[in-house]
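K.L.:
pasting the sequence and the predicted coordinates here, then a few questions.
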Amino acid sequence: MSKVSIIVRTKDRLLFLKRAIESISGQTFKDWEAIIVNDGGIKTDIEDFIMPYKKTFNDKIKLIHTKEKTKLRPVAANIGIKSSKCKYIVIHDDDDSWEPEFLEKCVKLLEETDYKGVVTYSNAVYEKVEKDKIKKIFTEPFNKDMNCASLYKMASNNTFPPISFVYKREVHDEIGYYDEELEVLEDWEFNLRFLQKKDIFVIPEFLANYHLRPDIKEQNLANTIFGSGIAVHKKYDSIIRNRLLRQDIANNCQGIGFLVNFSRYFNAEALKNELKEDKKSEFDIKNVNRESVLKNLNSLRHNYKDKEIYCYGAGAYFQNLLKEYNFLDINIKGIFDKDESLTGTEISGYPVLNPDKMLKLNIDLLVITVINPCVVEEYIRNKYHGEIMYLNL
């Protein structure tokens, strides 16, 4: 019997699944089994795709078909977990990846200590899909400030993605499996239960890769945290927080329900200050995707010549772009930015506007001029529902 069960959830995404299998097979630690849960995808396609890998790895790769599309990620995860017998469990979604030493270092830590779970730092890898090829745009640290797996910080929001978390399967006997009533955020809810009972060790190395595609609209290729998925995340975020708070009220105590609601508010205020500090920090030029910037600027000139164009983001990224590229022949009417100290000022002749004006203006296209769209995606979608372009993607 293998030592680590790797659970891969997938549906009709063979392009990503190929990368996932290569990520698994490329591990320096070889005592693993991969259980691929085909969640309602076309059976013949994935069976034909998997067959060569199964032969190469002597049936270390197993394929399970769900009876029908569950539509729920935790159901697929639990099917895979309950089909395994290994000592350790890790969720490796089909679009994420590992560095070669990820399993080796995580298993070594669990074998040599009493910890029930271990996480590593993660890279946020921004990418897009063009003509059936995955194209990496840029990479940045996802959680480099996570020096410990804190229940308090986890109560505010999920501090690490599933791809970075290995744990002992025996924990399921104590806290249960992934909550099958949740459409998303099942990993966050599970992590909350985990940390209420057990500590998680943090390996301060970037050994996991969390892949993000904010500008992809095709549902089967997109991440659930972008676009229409934002509303779904907000819905289940509230469901989880409300449910836990009701438990506190029923038990007449201040417990995890109070913590997840208080820390959410506290960290929201802290984030406002953090965003202001980010604008003052030195711009990191290595994360500018020059090819995409040039391509998108050219599109603005030719495809949106007579359109009303506004930008969001008046910080260091946008100001450096103004120095490097010619914007004069692009019909930009103004720049939105949530930093109130900039409202009413001008940057290179462009007026800086309060984002609350988005709904009052005739905007044909909103160009996101911040280097990391994750930071502002949800905020913007709450105020603007039209067409968006990410300049750096």
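P.N.:
Ah, there it is.
K.L.:
surely residue 336 meets residue 354?
P.N.:
Yes. With contact defined as Cβ atoms under 8 Å, residue 336 counts as touching residue 354 (7.3 Å). Placement of C-beta: from N, CA and C, glycine included.
K.L.:
which one of these two has more residues nearby?
P.N.:
A direct count of neighbours by other Cβ atoms under 10 Å for residue 336 and residue 354 places residue 336 higher, at 27 against 14.
K.L.:
who touches that one in this structure?
P.N.:
By Cβ atoms under 8 Å, 6 or more residues apart in numbering, the contact set of residue 336 is 310-314, 352-355, 357-358, 366.
K.L.:
now do the phi/psi pair for it.
P.N.:
The phi/psi pair for residue 336 (degrees, to the nearest 10) reads phi -90, psi 140.
K.L.:
how close does it sit to residue 214?
P.N.:
Residue 336 sits 18 Å away from residue 214, taking Cβ to Cβ, to the nearest Å as the criterion.
K.L.:
go on, residue 8?
P.N.:
Residue 8 is 23 Å from residue 214, where distance means Cβ to Cβ.
K.L.:
using CSV, list the CA coordinates for the helix or strand that contains residue 320.
P.N.:
Secondary structure from DSSP states H and E places residue 320 in helix 316-324. Provided in CSV are the C-alpha atoms of helix 316-324 (Å, rounded to 0.1, in the frame of the first residue of the first chain):
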residue,chain,number,x,y,z
ALA,A,316,2.7,52.5,-9.2
TYR,A,317,1.9,50.0,-12.0
PHE,A,318,-0.2,52.4,-14.0
GLN,A,319,2.2,55.3,-13.4
ASN,A,320,5.1,53.2,-14.6
LEU,A,321,3.1,52.1,-17.7
LEU,A,322,2.6,55.8,-18.6
LYS,A,323,6.4,56.3,-18.6
GLU,A,324,7.0,53.2,-20.7
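K.L.:
picking that back up, residue 8 and residue 214: who's more crowded?
P.N.:
residue 8 (27 against 22).
K.L.:
pull the number of nearby residues for the residue nearest to residue 43 when sequence neighbours are not counted.
P.N.:
Leaving aside its chain neighbours, residue 43 sits nearest to residue 65 (5.7 Å; criterion: Cβ to Cβ, 6 or more residues apart in numbering). By the measure other Cβ under 10 Å, the count of residues near residue 65 is 15.
K.L.:
for residue 65, name its beta-bridge partners.
P.N.:
residue 38 (DSSP bridges).
K.L.:
any regions of this structure where pLDDT drops low?
P.N.:
Applying pLDDT under 70 to the chain flags the ranges 68-71, 217, 219, 227-228, 266-287, 374-375.
K.L.:
where exactly do the helices run in it?
P.N.:
14-25, 43-56, 73-82, 102-112, 151-156, 171-175, 186-197, 229-251, 256-280, 290-303, 316-324, 377-381 (DSSP state H).
K.L.:
nearest to residue 370 among those would be which one?
P.N.:
Minimum separation from residue 370 across the helices of the chain (Cβ to Cβ) falls at helix 316-324, 5.8 Å.
K.L.:
tell me which other helices or strands the closest one touches.
P.N.:
Applying 3 or more Cβ pairs under 8 Å, 6 or more residues apart in numbering; DSSP states H and E, we find helix 316-324 packed against strand 346-347.
K.L.:
ok, the strand it packs on: who's next to it in the sheet?
P.N.:
Applying DSSP bridges to the sheet, strand 346-347 is found paired with strand 350-353 (antiparallel).
K.L.:
and the strand it pairs with, how far out from the chain's middle?
P.N.:
31 Å (Cα atoms, centre = their mean, to the nearest Å).
K.L.:
C-alpha coordinates for that strand, PDB please?
P.N.:
Extracted C-alpha coordinates of strand 350-353, given in PDB (Å, rounded to 0.1, in the frame of the first residue of the first chain):
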ATOM      1  CA  TYR A 350      -6.200  61.800 -16.500                       C
ATOM      2  CA  PRO A 351      -8.700  62.600 -13.800                       C
ATOM      3  CA  VAL A 352      -8.800  60.200 -10.800                       C
ATOM      4  CA  LEU A 353     -12.400  59.300  -9.900                       C
END
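K.L.:
pull the CA atoms of stretch 30-50 into PDB?
P.N.:
What follows is stretch 30-50, C-alpha atoms only, in PDB (Å, rounded to 0.1, in the frame of the first residue of the first chain):
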ATOM      1  CA  LYS A  30       7.600   8.000  -5.200                       C
ATOM      2  CA  ASP A  31       5.500   6.200  -2.600                       C
ATOM      3  CA  TRP A  32       2.100   7.600  -3.800                       C
ATOM      4  CA  GLU A  33      -1.100   6.700  -5.500                       C
ATOM      5  CA  ALA A  34      -3.200   9.200  -7.500                       C
ATOM      6  CA  ILE A  35      -6.900   8.800  -7.500                       C
ATOM      7  CA  ILE A  36      -8.500  10.800 -10.300                       C
ATOM      8  CA  VAL A  37     -12.200  11.500  -9.700                       C
ATOM      9  CA  ASN A  38     -13.900  12.200 -13.100                       C
ATOM     10  CA  ASP A  39     -16.800  14.300 -11.900                       C
ATOM     11  CA  GLY A  40     -19.300  13.800 -14.700                       C
ATOM     12  CA  GLY A  41     -16.800  14.300 -17.600                       C
ATOM     13  CA  ILE A  42     -16.800  12.300 -20.800                       C
ATOM     14  CA  LYS A  43     -15.700   8.800 -19.800                       C
ATOM     15  CA  THR A  44     -14.100   7.600 -23.000                       C
ATOM     16  CA  ASP A  45     -12.000  10.700 -23.400                       C
ATOM     17  CA  ILE A  46     -10.400  10.500 -19.900                       C
ATOM     18  CA  GLU A  47     -10.100   6.700 -20.100                       C
ATOM     19  CA  ASP A  48      -8.100   6.900 -23.300                       C
ATOM     20  CA  PHE A  49      -6.100   9.800 -21.900                       C
ATOM     21  CA  ILE A  50      -5.200   8.000 -18.700                       C
END
